[in-house]
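*Asks:* Sequence first, then the predicted structure, then my questions.
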Amino acid sequence: ILTDPVIPCGVILAEHLSLPSMYYLRGIPCGVDLDARLCPSPPSYVPRVFTDLTDRMTFLQRVKNLLFEIPNIFLCDFAFEPYSKLASEFLQREVTVLDLLRKGSVWLLRLEFVLDYPRPLMPNIILIGGVNCAHKE
């Protein structure tokens, strides 16, 4: 099933039907996609969104970067709690959205390292950056 995991109804359906899932996304705002892909993204090295930091940070900038990361933990729990309940009821077993996302076969990421910071990627991640760009005529 080709689905966008930001709203995980397609992810739940793929698990129910025992079909492989392919995710097409730019990123999930609270960073649950980074945890699900098992890609290292330490806040001491990878700048977070809206911090205006670069990959060369001082100690205080690294602390600022970490402080920007802390609310994401609570934001993810709050945002995906209804979907975790829905998935648990529908699949009739205790499951979280993160557990379901980890079963993704292929991740099609609309990332372009010209605009984003380079980071380690797993083998099942395919970058398709520039797919939303129009050709200039």
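*Replies:* Ah, there it is.
*Asks:* how about the helices of this protein, start to end?
*Replies:* Ranges of helices within the chain are 9-17, 32-37, 59-91, 97-101, based on DSSP state H.
*Asks:* ranking these by mean pLDDT, which is last?
*Replies:* Per-segment confidence across the helices of the chain bottoms out at helix 32-37, which has a mean of 80 in mean pLDDT.
*Asks:* for that helix, packing partners?
*Replies:* Packing contacts for helix 32-37, counted by 3 or more Cβ pairs under 8 Å, 6 or more residues apart in numbering; DSSP states H and E, involve helix 97-101. No exception for glycine: its C-beta is placed from N, CA and C like everyone else's.
*Asks:* Skipping adjacent residues, who's closest to the residue positioned nearest the centre of the chain in space?
*Replies:* The centre of the chain sits closest to residue 33, judged by Cα atoms, centre = their mean, with a distance of 1.9 Å. Ranked by Cβ to Cβ, 6 or more residues apart in numbering and with sequence neighbours excluded, the top spatial neighbour of residue 33 is residue 27, at 6.0 Å.
*Asks:* I'd assumed residue 37 was in contact with that neighbour.
*Replies:* No: applying Cβ atoms under 8 Å, one finds residue 27 not in contact with residue 37, separated by 10.5 Å.
*Asks:* right, so of the helices of the chain, which gets closest to residue 2?
*Replies:* Between residue 2 and the helices of the chain, the shortest gap by Cβ to Cβ is with helix 9-17, which sits at 8.0 Å.
*Asks:* what's next to the closest one, contact-wise?
*Replies:* 1-5, 20-21, 23, 83, 86-87, 90-91, 95, 97, 100-101, 103-104 (Cβ atoms under 8 Å, 6 or more residues apart in numbering).
*Asks:* which among those end up buried?
*Replies:* With neighbours counted using 16 or more other Cβ atoms under 10 Å, the contacts of helix 9-17 contain these buried positions: 3, 5, 21, 23, 83, 87, 95, 97, 100-101, 104.
*Asks:* I'd like those laid out as CSV, including distance to residue 13.
*Replies:* Converted to CSV, the buried ones among the contacts of helix 9-17 look like this (distance: Cβ to Cβ, whole Å):
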residue, distance to residue 13
3, 8
5, 12
21, 9
23, 13
83, 12
87, 10
95, 13
97, 13
100, 10
101, 14
104, 13
